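Visitor: turn this into a model:
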Amino acid sequence: MDKSSTARRGAAKQALRERVWALLTRRRLGRFPLPLDDRIPNFAGADEAAERLAATAEWREARVLKCNPDAPQRPVRLRALREGKEVYVAVPRLAAARCFLRLDPRRLGAGRLAAAATIGGAAALGVAVAPRELPRIDLVVAGSVAVNRRGARVGKGGGYSDLEFALAAELGAVDARTTIATTVHDLQVLSAAIPMTAHDVPVDLIATPTRVLHARRVFARPRRIRWTELDATQLAAMPPLATLRAERGARE
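Guide: Here you go, the predicted structure:
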């Protein structure tokens, strides 16, 4: 993909983000932390969306989850822990070699589950593990700014969620059997087209406060890290990727 095409897609995605942030703000549907801009927006009804997700067969069958650490998915993480599911949360920006935090409800005990479901609590109570220590993940819950019924998704723009998925895919922790879900407000489900690239992670399930949508797998999910899209500075800032790249290079 040439630079001009990449720039157009990036601008289109940013326009969709700004549209959703503004809409939720105008309708007073945003919840702490505020403002919503440049975040996976927390929204009124996040608990109900988590309940909808938890009623699906995909949720019931999942024993191991990877979940984003953002505020609107806190009810998802808490419900998973209370149901005895093991939850993995990524370290922000993949900035540590042991870049995933394992939250094991059996080790935590009932009294610490609510704290562990928060961003700060996961950092304090989770066990840091390296990417190669990840088990097979049954369900990935991704934070979204906007989605559509085809499963296209826009995050907040950093690209780290996509890299986390690609890293797990490259090491075999996620595969075609892994379900990818998100919880959003109904207003975040757009009728508009959402540009998708080869490194973007689509979703299979969309849970809102009022419904669950199943998307057909129209878009291919990443199966590996696209090394050519990462420069030396980016790799240096993400130790697990730098290490894996060095290992891959040594064998090539």
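Visitor: only C-alpha atoms from now on, for both contacts and neighbour counts.
Guide: Will do.
Visitor: would you agree Leu65 falls within a strand?
Guide: Yes: if the criterion is DSSP: H, G, I helix; E, B strand; the rest coil, then Leu65 is within a strand.
Visitor: so how far is Ile180 from it?
Guide: Counting by Cα to Cα, to the nearest Å, the gap from Leu65 to Ile180 is 10 Å.
Visitor: list residues touching both of those two?
Guide: Common contacts of Leu65 and Ile180, defined by Cα atoms under 8 Å, 6 or more residues apart in numbering, comprise 139-141.
Visitor: in CSV: those residues, plus pLDDT and neighbour count.
Guide: Listed next are the shared contacts of Leu65 and Ile180 as CSV, based on pLDDT from 0 to 100; neighbours: other Cα atoms under 10 Å:
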residue, pLDDT, neighbour count
Leu139, 98, 22
Val140, 98, 23
Val141, 98, 22
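Visitor: let's see which of the residues you listed end up in helices.
Guide: In helices, judged by DSSP state H, none of the shared contacts of Leu65 and Ile180 are found.
Visitor: just these now: which is nearest Leu230?
Guide: Within the set of the shared contacts of Leu65 and Ile180, Val140 lies nearest Leu230; the separation is 23.4 Å, counting by Cα to Cα.
Visitor: beta partners for that closest one?
Guide: Taking DSSP bridges as the rule, Val140 bridges to Lys66, Ile180.
Visitor: contacts only, for Ala49.
Guide: 183-185, 207-211.
Visitor: can you say which of these are buried?
Guide: Among those, those classed as buried by 16 or more other Cα atoms under 10 Å are 183-185, 207-209.
Visitor: quick one, helices of the stretch 151-252 of the chain?
Guide: For the stretch 151-252 of the chain, the helices defined by DSSP state H, counting those that start in this stretch occupy 160-170, 232-237, 239-251.
Visitor: okay if I get these as a markdown table plus distance to Val145, mean neighbour count and mean pLDDT?
Guide: Listed next are these as a markdown table, based on distance: least, Cα to Cα, whole Å; neighbours: other Cα atoms under 10 Å; pLDDT from 0 to 100:
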| stretch | distance to Val145 | mean neighbour count | mean pLDDT |
| --- | --- | --- | --- |
| helix 160-170 | 12 | 21 | 95 |
| helix 232-237 | 24 | 12 | 92 |
| helix 239-251 | 25 | 14 | 82 |
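Visitor: so of the buried ones among the contacts of Ala49, which ones are in strands?
Guide: Among these, the members found in strands (DSSP state E) are 183, 207.
Visitor: circling back to that earlier point, pLDDT added to the contacts of Ala49, as TSV?
Guide: Shown next, in TSV, are the contacts of Ala49 (pLDDT from 0 to 100):
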residue	pLDDT
Thr183	98
Val184	98
His185	98
Ala207	98
Thr208	98
Pro209	98
Thr210	98
Arg211	98
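Visitor: out of those residues, the closest to Arg79 would be?
Guide: Thr183 (13.2 Å).
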